[in-house]
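Undergrad: give me a model of this one.
(chains A and B)
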Amino acid sequence: MSDVQEAMHPELRYQKRPVDPSRLDLVREFYADPLGRRSPELQELLLTLRAEPIERKLVILRDQTADTWEVARLDGQRGTLPRRLPGCCFACREEAERTIFRLRWEHCTGVALTEPNLRPGG
Amino acid sequence: MIRPVSAYADRISVASGERIRCCAGTSTGPRRAATAAVVRLRRPGNQLGQDRPDFDVVEELGGVTLGPQAVYPGSYLVSENPLQLAAAPRLVIEFNFFATSPGERCQVLASCADDHAGLVVLLDGEGCLAARVGDGNGAWSNRVLAGYGVAEARWYRAKVVYTHRAASLRLGLYDLQAGERVSEDVFSISPLPSSLAAPVAFGACLRDRLQRGWRCEEPFDGRLEYLEVVAGEPDQGDSSTATWDLGADLHSWTIPATSGVLGSLVAYNLPRRAVCGSAGAARDNGEPSYTAIHLFSDALEDCQWQPCVEWRVPENTASGCYAFHLALDGYDELVPFTIRPARTPGGTATGASVALLLPTLTYMAYCNWRLPWEMPIQEMLSDRAVVLGSEEQYLLRHPELGLSNYEHHRDGSDVCHVSWRRPNLNMRPGHCSMEGFTTDLHLVWWLNEQGYHYEVITDHDLDAEGEALLTRYRVVISGSHPEYSTRRMWRALRDYQHHGGRFMYLGGNGFFWHVAISRQRPWIMESRKWQVWESSHPCLMAESRMAETGEEGGMMAACGMPSGTITGTTMSCQGFDHGAPFHRTPESRAADCQFIFDGVAADEVIGDFGVINGGAAAQEWDCIADPEDLPAGAVRLASATEFSPVTRLGAVHARIAADMVYFSVPGGGAVFSAPSMSWCASLTHRDGDNNVSRITANVLDRFLRRDPLPPEGV
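TA: Model (predicted):
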């Protein structure tokens, strides 16, 4: 890999990193403040989760008129619309961010995030 | 809500007394009524919140009717004169080609045809050389050199011979890299066209004539070289051979003929000139051998939409940021443009002492930017999920609106040309990414609120008029992201400072890429950002020169034009998560710098606020220039360093810091740099009652005074 490719495609490094399903403390940290400043460990986890390829990339559709934030998935093709995920339209950005985090976590670990996991000490 | 309309202004900068037109189209459905007005933009909106852009209506233009308007992307070449073969035609079309995405769909290599008759040479959906012959009554015969699909990125020569008397079509394919014939076959065809009368085109099939060029179909991805058309019967001494020199007049969109009656070839939809051909990067007299042209099926130069409204700018209209306002079905579309000062050589009629230099080249480079969702690094640097506002959702649905300077073409090539004659959905007063034009409107609001008498000029104006445009003003202020520059712009800013001009650089990542504006078609910008091309193939690296000027493209600094010379700073880093505030340095407390911080305490935190990521240093920022580029006497006044660790992914310089810099220039000139893309967006915090605003006003007020600036005697 050339230096340029290395610099422009950090996801290629992060896509290979495993996600430790036991680190529920990091899940709780993210859930507490999805847009806040992170601990270094959570930052590294987020870089890994966000390295997903465009063929299945999760995004948020913002509707200013309806004031909604809806989670959708891209397919990597120019000219096709994102597929809206059922039951994932929210009144605030933070909830959409949590949903994307959860879906990526479950994809990377194969382990579902349930409500008890998200409580302090859960 | 998906926007029901998209639009563009046919000019980006217009003066009093001149005309500007708005071209708008709905994406689907029947024609619909809308109302149009010209407005003066006051303050940006924010799609992420509920804020709407603020504007004053200048003139109601009344009702308009909007309907769907088509877009025809795909680059092609077309002869100025049509071929005219009246009876028993014989036609030979021969050329080299290098297909970059064969087998994906039908791609026309060459054609001499209208809707009913003619000859079309193409690669079929399997990537095989093929031809179509139309008989004049709408019937087409298709013949394929089956079983010999061309390889991607390999040079071949195609020769196609159509003979009416023999009712035959000969297709020949030769592998230039192997030096051998791949296949050649003769097909009988019937029925036949009794005549051929159409322009010769390369790279697409022509359908209908447009105001400029043609509606084309089945565009080709790849390179062409050594084009030749022989019409008539050479055996009977009645033939004409047309050839063209793809290596001549590289700045031009017209490729000169070296022989024949077809005239020049005119290029449309942004093919790339100054590219290597089948001989690779071979050099002739030390110069790269540019014998080919690269065509792109998804390139778009000019939508050519019918204008829905035209406005003549009344005499003495104040310079500023304006927009066409279209109201349709409860949706407001704002299509920005600028009104520049009068074209009065040698002076300004209004007496304004301040010019706001809007970075219109950067607006063009980011036109319809898809990188935030097409490359993961953008979300990684943002530390937030990608949010698609109404503009982005529209772009997802409409790829035909063309690419920004940051994407790759369908065939994987970097985008080197962009045009403003298409909707620029990033250049909107409330764009959700909150950068570029949106941020610059914060500065516009601030200048208005503070009561400064200023005029708006653009990169395009500066490139056209040079330093003479700047010397009308005592102070020139940059926009928030003047990333792209021509050589003439950089020199004008340098010379302006040396002739007593005072420059306030209030942006980040400034003067980073060297680009050129097409003289023939000034709505086109060219770049060759070879330092970030992902392939370092010698052939590609030989194409680092811009066709327009013959100069090296890429980074300004590598072209002998470091940003440090004119700003005292150089690109440091990018990060789109959390902003950082500035802290003053001990050097800022010197008497010479006191005017900058009047009313700001020595230990005061500067800019720990702002609508962009909560800090006056955010998005992209510069550090103090390296010693070899730093003007004498430059002082680092303050620095912002408290960025999150994720910014290391976006570092360009070893020093990850935003450094505020001041220096004076012998002869009365001076420069103040607050080098961050978010500085201007912090000006509006608490309606301008903040220390970013105070520092900016301190500097501007002092720069406007005629007396010498400290240090004394400079």
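Undergrad: what does chain B have sitting close to chain A?
TA: B:1, B:47-48, B:50, B:370, B:373-377, B:379-380, B:383-390, B:393, B:396-400, B:432, B:531-534, B:536, B:578, B:644-646, B:649 (CB under 8 Å from any CB of the partner chain). Any C-beta I mention is one placed from the backbone N, CA and C, and that applies to glycine too.
Undergrad: is there a quick PyMOL command that grabs whichever of these are buried?
TA: In PyMOL, this line selects whichever of the residues of chain B next to chain A come out buried by 16 or more other CB atoms under 10 Å in any protein chain shown:
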select buried, chain B and resi 47+48+370+373+374+375+376+377+379+380+383+384+385+386+387+388+389+390+393+396+397+398+399+400+432+533+578+644+646+649
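Undergrad: mind listing which of the residues of chain B next to chain A are in strands?
TA: Among the residues of chain B next to chain A, the ones falling in strands (DSSP state E) are B:387, B:388, B:578.
Undergrad: for the second one, give me the pLDDT.
TA: Note on residue B:388: pLDDT of 93.
Undergrad: measure it to residue B:374 for me?
TA: 12 Å (CB to CB, to the nearest Å).
Undergrad: try the first one
TA: Counting by CB to CB, the separation of residue B:387 from residue B:374 is 15 Å.
Undergrad: make sure I have this right: residue B:614 is in a helix.
TA: No - Residue B:614 sits outside any helix when classified using DSSP: H, G, I helix; E, B strand; the rest coil, being coil.
Undergrad: for it, what are its contacts?
TA: By CB atoms under 8 Å, 6 or more residues apart in numbering or on different chains, the residues touching residue B:614 are B:578, B:579, B:608.
Undergrad: what's around the last one, how many residues?
TA: Neighbours of residue B:608 under the rule other CB atoms under 10 Å in any protein chain shown: 22.
Undergrad: just the helices in the stretch 551-700 of chain B please.
TA: Under the criterion DSSP state H, counting those that start in this stretch, the stretch 551-700 of chain B contains helices at B:563-567, B:679-682, B:691-704.
Undergrad: any stretches of the chain with poor pLDDT?
TA: Answering for chain A, as no chain was given. Judged by pLDDT under 70, chain A has its weakly predicted residues at A:1-2, A:119-122.
Undergrad: you looked at the wrong chain, it should be chain B
TA: Low-confidence segments of chain B (pLDDT under 70): B:1, B:46-50, B:234-235, B:237, B:284, B:345-350, B:432-433, B:536, B:712-714.
Undergrad: tell me how far the residue of it most remote from its centre lies from residue B:165.
TA: What lies farthest from the middle of chain B is residue B:236; by CA atoms, centre = their mean that is 50.5 Å. Going from residue B:236 to residue B:165 by CB to CB gives 11 Å.
Undergrad: over to residue A:6?
TA: Distance from residue A:6 to residue B:165, by CB to CB: 62 Å.
Undergrad: one more: residue B:485?
TA: Applying CB to CB, the value for residue B:485 to residue B:165 is 60 Å.
Undergrad: neighbour-wise, which of these two wins?
TA: More neighbours surround residue B:485 than the other of residue B:485 and residue B:165, with 27 against 10 (other CB under 10 Å).
Undergrad: contacting residues for the more buried one?
TA: Per CB under 8 Å, 6+ apart, neighbours of residue B:485: B:361, B:459, B:511, B:512, B:513, B:514, B:515, B:556, B:561.
Undergrad: now render these as a markdown table, adding neighbour count.
TA: Formatted as a markdown table, the contacts of residue B:485 follow (neighbours: other CB atoms under 10 Å in any protein chain shown):
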| residue | neighbour count |
| --- | --- |
| B:361 | 29 |
| B:459 | 26 |
| B:511 | 30 |
| B:512 | 23 |
| B:513 | 22 |
| B:514 | 27 |
| B:515 | 31 |
| B:556 | 26 |
| B:561 | 21 |
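Undergrad: grab the longest helix from chain A for me.
TA: In chain A, with assignment by DSSP state H, the single longest helix is helix A:93-109.
Undergrad: circling back to that earlier point, so which of the helices of the stretch 551-700 of chain B comes closest to residue B:671?
TA: helix B:563-567 (6.4 Å; CB to CB).
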